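Peer 1: okay, predicted coordinates and the sequence, questions at the end:
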Amino acid sequence: MGLLAWLESLPISVWMSTSPSVWAQPTMLTLHTMGMGVLVGASWVLDLRLLGISRHIPLSSFRWVFPAVAIALAINLTTGVLLFVQRATSWGTAIPFLVKMLLVVASVATLVPIRSLVFRSDPERPGLSARGRLLALASILAWTGAVTAGRLLAYLVP
């Protein structure tokens, strides 16, 4: 708890939690939400294609997803840390937060093998592998769980 209390006492943490400025918590929440929309939305578009929706579109057409996801992940990592430090002592040990972090890591972990599927895909063979479908399903479930756990933080953790 010492580390969590120290994080919460940092000047940026105090500013984030007490400042009436629109640049403090409101902006961080907005950027976090927008980043999440891009991150999860782009991932879902690719996941749905891997599950068989729009099979006529070659997987190679989805290469744009990975730079978009990387940028959104960087935004969410930055804003997420800033949102976390202002409530470190309550969120750092809260089950919904720990579940959210575990699911975010699982979601991001699915991106690596999915990326290799997309970049190795053959435009002449648009077939779907069982592995690709399983990864897509795991990604959708993990992102859904991460978003849900994140939202529950507002209601379950003081």
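Peer 2: Right, received. Where do you want to start?

Peer 1: what's near enough to touch the nearest residue to L73 once chain neighbours are set aside?
Peer 2: Of all residues not flanking L73 in the chain, L39 sits nearest, at 5.9 Å (CB to CB, 6 or more residues apart in numbering). Where C-beta positions appear, they are placed from N, C-alpha and C, glycine not excepted. Taking CB atoms under 8 Å, 6 or more residues apart in numbering as the definition of contact, the neighbours of L39 are V69, A72, L73, N76.

Peer 1: so which elements touch the host helix or strand of the third one?
Peer 2: In this case it means L73. Taking DSSP states H and E as the criterion, the element that holds L73 is helix 65-85. With contacts defined as 3 or more CB pairs under 8 Å, 6 or more residues apart in numbering; DSSP states H and E, the packing partners of helix 65-85 are helix 2-9, helix 11-18, helix 25-50, helix 95-119.

Peer 1: quick one: the residue nearest to L73 from T110, how far?
Peer 2: According to CB to CB, to the nearest Å, L39 stands 13 Å off from T110.

Peer 1: and what of W44?
Peer 2: Separation of W44 from T110 (CB to CB): 12 Å.

Peer 1: give me the low-pLDDT residue ranges for this protein?
Peer 2: For the chain, the stretches with pLDDT under 70 are 122-127.

Peer 1: if we use 80, what do you get?
Peer 2: Across the chain, the stretches falling below the confidence threshold (pLDDT under 80) are 1, 121-128.

Peer 1: surely L128 meets L50?
Peer 2: Yes. Counting by CB atoms under 8 Å, a contact exists between L128 and L50, whose distance comes to 6.4 Å.

Peer 1: mind listing what F66 touches?
Peer 2: Neighbouring residues of F66 by CB under 8 Å, 6+ apart: L111, R115, V118.

Peer 1: 7 Å instead?
Peer 2: Going by CB atoms under 7 Å, 6 or more residues apart in numbering, F66 touches R115.

Peer 1: I'd like the next helix or strand past the helix holding L73.
Peer 2: Next helix or strand after helix 65-85 toward the C-terminus (DSSP H and E): helix 88-91.

Peer 1: quick one: contacts of stretch 104-116?
Peer 2: Outside stretch 104-116, the residues touching it (CB under 7 Å, 6+ apart) are L46, F66, V69, L73, L135, A138, S139, A142, W143, A146.

Peer 1: do you know how far the fourth one is from V38?
Peer 2: Separation of L73 from V38 (CB to CB) stands at 9 Å.

Peer 1: brilliant, that's me finished.
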